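> What shape does this take:
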Amino acid sequence: MENLGTWISENAATWGVQIGIAIAIFVVGKIIARQISKLIQKGMQRAGSDPILVSFIGNVSYVILLVAVVLAAIDSLGVNVTSLMAILGAAGLAIGLALKDSLSNFAAGVMIIIFRPFKIGDYITAGGTAGVVDEIGLFATLMHTPDNQRIIVPNSSIIGGNITNTSALPTRRIDLVFGIGYDDNIGQARDIIMSVIEADERILADPAPTVAVAELADSSVNLNVRPWVESADYWTVRPDLLETIKVRFDEAGITIPYPQQDVYMHEVKAPG
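Numbers count the residues shown, from 1 in each chain. Predicted structure coming up:
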């Protein structure tokens, strides 16, 4: 017991110094890590980076620096850091395998934030659904449908398929098909459609709208009607055109035929 007490008294000072150095390394290193993280975030903000990406990179950089500080503090105590890193690596691998799907969504979220195929407020079709983007998270993207249903789509589903961004471009073409009867005047129908288009100030003059015969169908002559509008006006102009052109056709006596068949009955007289 005397030898143990002597050994402790002889090494207490050394331990105290080592612990004090470790604590100092941790405290100072933590402050420096936080400041470096803030500098990185400020630099990205000045560069106009996405706020979500700024926050993500700032947090990741802080965690990485903090891990380095902790390892430096432990090393100052004389602990074998190499063995500790091997244990942490094995634990990280096991956790990664267990959270494979979550990490896949996380990686996809980082790609969405970096490459920005869409932004908040855009109407997109992705991940097997369509809606307006409300929030872009690191694991999932939140959207709502036109009838106001909430949709939560895993980011890996979005990155793993096609993305259609309806709001990405400033203008959009409306594609309509009107069928008129074979006995109706094509030129008159075209003039009516063009007059409706020209009277609507929301329809753009450039690119110019087009009205042309698409096909001679079984029951009708089909006309392609293709005006251009601002993307924000698409869903209001389209139904207005459908209604106005139908009313004008009715006034002019132009029919919009529906599929029909002519059935001929032949009377067969019995012999004798």
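
> okay, CA-based contacts and neighbour counts for the rest of this
OK.

> Skip the chain neighbours and tell me the closest residue to the spatially most central residue of the chain.
With distances taken as C-alpha atoms, centre = their mean, the residue of the chain nearest its centroid is F118 (4.7 Å). The shortest distance from F118 to any non-neighbouring residue, by C-alpha to C-alpha, 6 or more residues apart in numbering, is to N165 (6.6 Å).

> what does R202 give?
V229 is the one closest to R202 (C-alpha to C-alpha, 6+ apart), at 6.4 Å.

> give me the low-pLDDT residue ranges for the stretch 101-250 of the chain?
Along the stretch 101-250 of the chain, segments meeting pLDDT under 70 span 101.

> And the strands in it, which stretches?
123-126, 129-136, 140-144, 150-154, 164-165, 171-173, 176-180, 210-216, 221-226, 228-230 (DSSP state E, counting those that start in this stretch).

> Tell me which residues touch A232, please.
S167 (C-alpha atoms under 8 Å, 6 or more residues apart in numbering).

> could you redo the last one with a cut-off of 10 Å?
T166, S167, P170, T171, R172 (C-alpha atoms under 10 Å, 6 or more residues apart in numbering).

> Derive a ChimeraX selection command for the buried subset of those.
Buried residues within the contacts of A232, by 16 or more other C-alpha atoms under 10 Å, are selected in ChimeraX with:
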select :166,167,171,172
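
> Now render the contacts of A232 as a markdown table, adding distance to L71.
What follows is the contacts of A232, written out as a markdown table (distance: C-alpha to C-alpha, whole Å):
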| residue | distance to L71 |
| --- | --- |
| T166 | 49 |
| S167 | 48 |
| P170 | 52 |
| T171 | 55 |
| R172 | 56 |
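
> And for A212, the neighbour number?
13 (other C-alpha atoms under 10 Å).

> My guess is it contacts D175. True?
No. Counting by C-alpha atoms under 10 Å, A212 does not reach D175; the two are 11.8 Å apart.

> and for these two, which residues touch both?
With contacts defined as C-alpha under 10 Å, 6+ apart, the residues shared by A212 and D175 are N224, V225, R226.

> can you confirm G78 is in a helix?
No. Counting by DSSP: H, G, I helix; E, B strand; the rest coil, G78 is not part of a helix but coil.

> mind checking pLDDT for it?
At G78, the model reports a pLDDT of 70.

> tell me the contacts of it?
Residues near G78 by C-alpha under 10 Å, 6+ apart: Q18.

> And it, how close does it get to V69?
To V69, G78 is 15 Å away according to C-alpha to C-alpha, to the nearest Å.

> what does I186 give?
For I186 relative to V69 (C-alpha to C-alpha), the value is 80 Å.

> Look at these two and report which has more neighbours.
Taking other C-alpha under 10 Å, I186 and V69 do not tie; V69 has more neighbours (21 against 18).

> chain center to the helix or strand harbouring that one: distance?
Element membership of V69, judged by DSSP states H and E, is helix 51-76. The chain centre lies 29 Å from the centre of helix 51-76; the measure is C-alpha atoms, centre = their mean, to the nearest Å.
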